[in-house]
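Enquirer: okay, predicted coordinates and the sequence, questions at the end:
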Amino acid sequence: MTSDSRHPASQHLTHIAEPPGVAPGTGYTQVVTGTGRLVVVSGQVAFDEQRQLVGAGDPKAQALQIFENLRRCLAAAGAGFGDVVKLTYFLTDIGHLAAVREARNEYFGDTPLPASSAMQVAALFLPEVLIEIEALALVHDQA
């Protein structure tokens, strides 16, 4: 997957990868700033439209379903991955972060990466759910 062509990297956002005096990040942007309408997407897990878990035991399959769910949620609010300013990853095993980043890159394509945080959690709401991701976006509404 690639980012939604209707929502390329938004010009109303500024990505600051290396603020002075801060170590550069790998695989994310340190600071994203901009103006617009705030879109907050609740944590998404790897459920399909029938609330069936996709990819039991497979972090990459779960991550791909989650990014598809995020794409659909963003689109419902008139946004795309180019509008995302922050992703927060909740992982039952921090070792799944590589699979999450692979899936993210498939959906974001060449879109500048947002700020992000990743944390390992003891558990999510179901034992078979390995990953949950939430998103914040700023949408520039045309006047």
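Expert: Received it, and whenever you're ready, just let me know what you need. None of these values were measured; they are calculated from a predicted model.
Enquirer: in the chain, where is pLDDT below threshold?
Expert: 1-10, 142-143 (pLDDT under 70).
Enquirer: kindly recompute the last result at 80.
Expert: For the chain, applying pLDDT under 80 flags the ranges 1-11, 141-143.
Enquirer: pull the longest helix from it.
Expert: Criterion DSSP state H: the longest helix present in the chain is helix 59-76.
Enquirer: and the contacts of it?
Expert: Helix 59-76 is contacted by residues 1, 4, 7, 39, 41-42, 44-48, 53-55, 80-81, 83-84, 93, 96, 99-100, 102-104, 106-107, 129-133, 135, 137 when judged by CB atoms under 8 Å, 6 or more residues apart in numbering. In short, each C-beta sits where N, CA and C put it, glycine included.
Enquirer: for it, C-alpha coordinates in CSV please.
Expert: Output in CSV follows, covering the C-alpha atoms of helix 59-76 (Å, rounded to 0.1, in the frame of the first residue of the first chain):
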residue,chain,number,x,y,z
PRO,A,59,2.7,-9.1,14.0
LYS,A,60,3.2,-8.0,10.3
ALA,A,61,-0.3,-9.2,9.3
GLN,A,62,-1.8,-7.4,12.3
ALA,A,63,0.2,-4.2,11.6
LEU,A,64,-1.0,-4.2,8.0
GLN,A,65,-4.6,-4.6,9.1
ILE,A,66,-4.2,-1.8,11.6
PHE,A,67,-2.8,0.6,9.0
GLU,A,68,-5.7,-0.3,6.7
ASN,A,69,-8.1,0.5,9.6
LEU,A,70,-6.2,3.8,10.2
ARG,A,71,-6.4,4.7,6.5
ARG,A,72,-10.2,4.1,6.6
CYS,A,73,-10.6,6.1,9.8
LEU,A,74,-8.6,9.0,8.5
ALA,A,75,-10.5,9.0,5.2
ALA,A,76,-13.8,9.2,7.1
